[in-house]
Each structure stands twice: as structure tokens, then as C-alpha cells.
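Student: just need the structure, nothing else, for what follows:
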Amino acid sequence: MKTQVTNISVLQTSKVLALVSPIFGLFHSGIGVIFIIIALLGIANEEPEAGFMLIPGGILFLMPLLMFFMTFIFTALGSLLYNWVAGKAGGIEFEATVIQPETLGAPVADSLP
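Tutor: Numbering: from 1, shown residues only. Predicted structure coming up:
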């Protein structure tokens with residue numbers, strides 16, 4: 001059975017991806033914390049150039065928050081663009097196969113009255 005995705009819910013798709021993306025940003029936050037610790041140790045040892053590491057460390061520390069907002073914005077823009085293109089040229093086409101569940105004779109949702 002061939003199926004086409006002709007419309008993507010802009011708000012729902014953006015919301016879900018924006019909530020998932022900060023998880024990947026936690027890796028960046030860990031690196032940011034390391035940068036900040038190194039910078040603070042350098043400042044404590046009176047090394048003036050160590051303070052410059054606070055800026056990238058702070059940016060990396062805030063990466064999950066930045067990723068949340070940027071993912072929401074760009075997913076919304078991408079969804080709008082996809083919906084426009086799908087309206088002109090057709091959506092992504094794929095084939096789907098209905099597989100019967102291997103349960104003890106439980107009715108399939110499609111076969112219910």
C-alpha cells in the first residue's frame with residue numbers, strides 16, 4: 001500500500017523535536033563545565049588569559065537551552081517549507097504493509113465493527 005505524507009503538523013512536530021534535542025545538548029554542557037572549571041582555576045592562579053575560556057564555556061553550558069529554541073524555530077520553518085513543496089509536487093511516498101499481531105486471537109483494530 002503506497003502512502004504519501006502530504007502535510008506535517010508544524011506546531012506538534014516542532015514541539016516534540018524541541019523537547020528531544022536538549023538531551024543531545026547535555027554533552028555540550030559537560031564540556032562547558034570543564035571549560036568553566038579550567039577558566040576559574042586559571043583566574044585563581046592569576047593567569048589573565050584564562051578568563052577568555054569563560055565565554056565558550058558559558059555558551060556550551062547553555063547549549064541545551066539554545067538547542068531547544070533553535071530546534072523549535074528551524075523545525076517549524078522546515079515543516080512549513082515541506083508542506084508548501086508537498087502541496088506543489090506531492091509528498092514523500094513510501095510503502096506500508098499491515099502486519100497482523102501475533103496475539104492469542106485478539107481482534108485487530110481494523111477488523112472491529
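Student: CA atoms for contacts and neighbours, from now on please.
Tutor: Will do.
Student: quick check: the most far-flung residue of the chain relative to its centre vs Ile31, distance?
Tutor: Most distant residue from the mean C-alpha position of the chain: Glu46, 40.5 Å away (C-alpha atoms, centre = their mean). According to C-alpha to C-alpha, to the nearest Å, Glu46 and Ile31 sit 23 Å apart.
Student: before we move on, what about Pro48?
Tutor: Pro48 is 21 Å from Ile31, by C-alpha to C-alpha.
Student: residue contacts, the residue lying closest to Gly51 once chain neighbours are set aside?
Tutor: Leaving aside its chain neighbours, Gly51 sits nearest to Ala39 (5.6 Å; criterion: C-alpha to C-alpha, 6 or more residues apart in numbering). Ala39 makes contacts with Ala50, Gly51, Phe52, Met53, Leu54, as judged by C-alpha atoms under 8 Å, 6 or more residues apart in numbering.
Student: can you check Ser21 too?
Tutor: Ser21 touches Pro64, Met67, Phe68, Thr71, counting by C-alpha under 8 Å, 6+ apart.
Student: mind listing what's buried in the helix or strand hosting it?
Tutor: Following DSSP states H and E, one finds Ser21 within helix 10-44. Under the neighbour-count criterion of 16 or more other C-alpha atoms under 10 Å, helix 10-44 has 10, 14-15, 18, 21-22, 25-26, 28-29, 31-36, 38-40, 42 buried.
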